[in-house]
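3D model of this:
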Amino acid sequence: MIMKNLIVKTFICTAIIMTVGCAEQDALEKYNCKIVHSETMQSIKKSIYIQIPEQLTEEQLREIATQLRKKNRKFERLFILYYLPDMDTDDVAWATTHFNTELEIDILGADKNAEQMMKTIELPNGEIIGKWYFNTPLMEHSVIIYEVNGKYRMKETYGDGSSGESELQYSKVNGKSKFIYEWKIRSN
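Have a look, this model is predicted:
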């Protein structure tokens, strides 16, 4: 009987330890995110600015937001803004998860696939002068400046796969190369 009680007590202790050990993992740690700063307005609202290591999925953002909401129940509204490593919190956020009563998830920037497509776009024929990727949310695009047959051109490619090409004017000012892009507005 003593042995039976010892086995039951051991089993119960093991179950308790496993339950405590399997508690919900902190989502910020799980996805290697860091709270940069936060702002509060009494119990009306709280804004949390988070640095993320890379583009996260909608599900990952939901997990982080849900956990932060549980920790910040006293605030009527909770606004969470996510920034990629090379972004400043004064910039437009890459994504937001807002509890403006219900959870609203908005990914404003390019996802991993779109960014990869823009960064690895096929190079045009000609001599490549330069290639850049601009990652400002809502305006991500790649730019390639190249020379072909003595003329300078610029190719821009966007996250949805669309692209356009324009001719550039070239001049040298004080020993520095300068490319002039003529913006044309087309009307129907």
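
show me the chain divided up by domain.
25-107, 112-181 (automatic domain parsing).

and the strands in the chain?
Assigned by DSSP state E, the strands in the chain fall at 34-41, 45-51, 77-83, 95-100, 102-107, 127-134, 141-148, 151-158, 163-173, 176-181.

quick check: which of these is nearest to residue 66?
Among the strands of the chain, the nearest to residue 66 by C-beta to C-beta is strand 102-107 (7.4 Å). Glycine gets a C-beta too; all of them are placed from N, C-alpha and C.

least reliable of the domains of the chain going by mean pLDDT?
For these, mean pLDDT drops lowest on domain 112-181, to a mean of 91.

pretty sure residue 163 contacts residue 144?
No: with contact defined as C-beta atoms under 8 Å, residue 163 does not reach residue 144; the gap is 9.7 Å.

more crowded one of these two?
Under the criterion of other C-beta atoms under 10 Å, the comparison of residue 163 against residue 144 puts residue 144 first, with 21 against 14.

got a list of what the more buried one touches?
Neighbour list for residue 144: 121, 123, 124, 128, 130, 131, 154, 155, 157 [criterion: C-beta atoms under 8 Å, 6 or more residues apart in numbering].

need the residues touching each of residue 163 and residue 144.
Each of 121, 155, 157 lies in contact with both residue 163 and residue 144 under the rule C-beta under 8 Å, 6+ apart.

can you name the residues bridging to residue 158?
Under DSSP bridges, the beta-bridge partners of residue 158 are residue 141.

report how many residues lie close to it.
A total of 16 residues lie near residue 158 under the criterion other C-beta under 10 Å.

repeat that for residue 30.
The number of residues packed near residue 30 is 13, by other C-beta under 10 Å.

excluding chain neighbours, what is closest to it?
residue 63 (7.8 Å; C-beta to C-beta, 6 or more residues apart in numbering).

sorry, back to before: out of the domains of the chain, deepest packed?
Mean neighbour count (mean count of other C-beta atoms under 10 Å) peaks for domain 25-107 among these, with a mean of 15.

wait, residue 172 touches residue 178, no?
Yes: assessed by C-beta under 8 Å, residue 172 is found in contact with residue 178 at 6.9 Å.

quick one: contacts for residue 26?
For residue 26, the contacting residues are residue 67, by C-beta under 8 Å, 6+ apart.

let me know whether residue 87 touches residue 94 as I believe.
Yes: at 6.5 Å, residue 87 and residue 94 qualify as touching, with contact defined as C-beta under 8 Å.

follow-up on the earlier one: can I get the strands of the chain in a markdown table with distance to residue 68?
Formatted as a markdown table, those follow (distance: least, C-beta to C-beta, whole Å):
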| stretch | distance to residue 68 |
| --- | --- |
| strand 34-41 | 9 |
| strand 45-51 | 6 |
| strand 77-83 | 6 |
| strand 95-100 | 8 |
| strand 102-107 | 11 |
| strand 127-134 | 30 |
| strand 141-148 | 32 |
| strand 151-158 | 32 |
| strand 163-173 | 38 |
| strand 176-181 | 43 |
